[in-house]
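Have a look at this fold, sequence not included:
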């Protein structure tokens, strides 16, 4: 019985530690592919649904160089719903 309680305590502590990860990550860290292979970027405005599609190689390179080092973090405020822009 003591081993069972110890095991449950270890699982609880591990879950608590792994669930509290608040590391900010850059776009380069979040993207698992090769950034040079991106051939199309679609940006959707979350307020009106308007789409902008970028297919020019130079414009894509400029866009990626501008955002690749920006750090992003999950919003802890769960009352906020929706998004302003979506990039795919």
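All right, it came through fine. As the structure is a prediction and not an experimental result, all values here were calculated from the model.

Report the separation between the closest residue to residue 51 other than its chain neighbours and residue 76.
Leaving aside its chain neighbours, residue 51 sits nearest to residue 44 (5.3 Å; criterion: CB to CB, 6 or more residues apart in numbering). The C-beta positions use only the backbone N, C-alpha and C, and glycine is treated the same way. Here residue 44 is placed at a distance of 24 Å from residue 76 (CB to CB, to the nearest Å).

just residue 69 next, same as before
Distance of residue 69 to residue 76, given as CB to CB: 23 Å.

So for those two, which residue has more residues nearby?
Comparing residue 69 with residue 76 by other CB atoms under 10 Å, the one with more neighbours is residue 69, at 10 against 7.

What's the per-residue pLDDT of that one here?
In the predicted model, residue 69 carries a pLDDT score of 79.

Hmm, residue 53 and the residue nearest to residue 51 touching each other?
No. Residue 44 is beyond contact range of residue 53, at 9.9 Å (criterion: CB atoms under 8 Å).

The two - which one has more neighbours?
residue 44 (17 against 10).

What's the end-to-end length of stretch 42-53?
4 Å (CA to CA, to the nearest Å).

What residues sit buried inside it?
residue 44 (16 or more other CB atoms under 10 Å).

isn't there a helix covering residue 61?
Yes. Assessed with DSSP: H, G, I helix; E, B strand; the rest coil, residue 61 lies in a helix.

burial count for it?
13.

Likewise for residue 63?
16.

close enough to count as contact, it and residue 54?
Yes. When contacts are counted by CB under 8 Å, residue 63 is listed as touching residue 54 (6.4 Å).

Spit out the residues that contact those two alike.
Here residue 63 and residue 54 have residue 41 as joint contacts, going by CB atoms under 8 Å, 6 or more residues apart in numbering.

now the strands: where do they sit in this structure?
All strands of the chain, identified by DSSP state E, fall at 25-26, 41-45, 51-54, 71-72, 85-87.

For residue 61, see how far away the nearest residue to residue 67 once chain neighbours are set aside is.
Spatial nearest neighbour of residue 67, excluding adjacent residues (CB to CB, 6+ apart): residue 27 at 5.2 Å. For residue 27, the distance to residue 61 (CB to CB) stands at 14 Å.
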